[in-house]
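# Dropping the sequence and predicted coords here.
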Amino acid sequence: MSFFNTTETPSNGSCAADGACATRRPRYDVNETEGSYDLTVNLPGVARGGLEITDEGGQLTIRGQRPVLPEGRAVLHRETSDAAFELVLVHDNTVDASKIEAELKDGVLRLKLAKSESAKPRKISVS
Amino acid sequence: MRFIHFTQPNARAFAPSANFGGRLGAGIENQIDWLFGTALNGFTGSARSGQFPVDLYEDKDNTYVRAELPGATRDAISVEIVDGSLSIQASRKEKAGEGETAVSYSRLVAIPDEVQADKVSATYVDGVLTVTLPRKEEAKPTKINVSVN
């Protein structure tokens, strides 16, 4: 199942020398059903305008931008980071790219990725 | 140390791989810190864990608590001030195939004492809960005029 061979670092290597990366990988779940993969990605703070989903070369890339907080506030304690979210999943064309359905609600992106015909189990009859 | 990725999905598929989260070049201390961090927080990068991060900010009028609660059911979000701490509770229902799983979030955040508890407000936008806690009037920095004779 090539969905689990995810890249750990951003694909274009945008990490600085000390290991600080410009993007973060969001938390996500993949649930496989008979005809599709259901992908749930946590993208808190991302609105539709900041979300970009592209599928290219057997690889699905999800990028989410978060709005910058207003100026004039002092930080007391931070557990989040302002870095954009980036998730790259390699599916090797087991997914039919023209039939991807996506819904973004309350910071959760739900994608339904229909399996391509070649990935579905096929019965082979013996003559 | 090497993590072996199996092709069948299991817990190891979500375990951090051996590149230490991209910090290979960062020195042995950072690598060990990162390993401890993931071990204590659990290996789940799952979207359904019950923990959530909060940020605290302040300006001269308010203290702000920002919590990332993606997918929470609006009616189930409850924000309370309890004994000088802010209690944030929420729950989230997820349909997974035939069944429904429910995740509950809960966290107590320490807040400064000088807060007007009756004027606290909260908004929930795009999965982020922002609680605005106005500071008490006497706690705001006041300018004192010094008259010189």
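Arrived safely.
# I'd say residue A:59 and residue A:88 touch.
Yes - judged on CB atoms under 8 Å, residue A:59 makes contact with residue A:88 at a distance of 6.1 Å. Glycine gets a C-beta too; all of them are placed from N, C-alpha and C.
# From residue A:44, how far off is whatever residue of chain A ends up closest to chain B?
Among the residues of chain A, residue A:107 lies closest to chain B, at 1.8 Å counting by CB to the nearest CB. Between residue A:107 and residue A:44 the distance is 4 Å, computed by CB to CB, to the nearest Å.
# Name the residues contacting each of these two.
The overlap between the contact sets of residue A:107 and residue A:44 (CB atoms under 8 Å, 6 or more residues apart in numbering or on different chains) consists of B:68-70, B:126-128.
# Of those, which is the nearest to residue B:57?
residue B:128 (12.8 Å; CB to CB).
# measure the closest one to chain A for me?
Distance of residue B:128 to chain A, given as CB to the nearest CB, to the nearest Å: 5 Å.
# Kindly state the beta-bridge partners for that residue.
residue B:68, residue B:125 (DSSP bridges).
# ditto for residue B:109
Those that pair with residue B:109 in a beta bridge, by DSSP bridges, are residue B:86.
# what residues are up against it?
By CB under 8 Å, 6+ apart, residue B:109 lies in contact with B:54, B:56, B:65, B:67, B:85-88.
# Over to residue A:115?
Listed by CB under 8 Å, 6+ apart, the contact set of residue A:115 reads A:35-37, A:94-96.
# and these, which of them are in strands?
Taking DSSP state E as the definition of strands, these contribute A:36-37, A:95-96.
# Where does chain B get nearest to chain A, residue-wise?
Of chain B, the residue with the smallest distance to chain A, taken as CB to the nearest CB, is residue B:127 at 1.8 Å.
# Look up phi and psi at the closest residue to that residue other than its chain neighbours.
Nearest non-adjacent residue to residue B:127, counting by CB to CB, 6 or more residues apart in numbering or on different chains: residue A:107, 1.8 Å away. Main-chain torsions, residue A:107, degrees, to the nearest 10: phi 80, psi 10.
# Let me know whether residue A:107 touches residue B:126 as I believe.
Yes - between residue A:107 and residue B:126 there is a contact at 4.9 Å, judged by CB under 8 Å.
# Now for the two: what residues contact both?
A:44-46.
# So which of those residues would count as near chain B as well?
A:44-46 (CB under 8 Å from any CB of the partner chain).
# List only buried entries from those.
Using 16 or more other CB atoms under 10 Å in any protein chain shown as the burial test, these include A:44-46 as buried.
# could I get those as CSV with secondary structure and pLDDT?
Listed next are these as CSV, based on DSSP: H, G, I helix; E, B strand; the rest coil; pLDDT from 0 to 100:
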residue, secondary structure, pLDDT
A:44, coil, 90
A:45, coil, 90
A:46, coil, 90
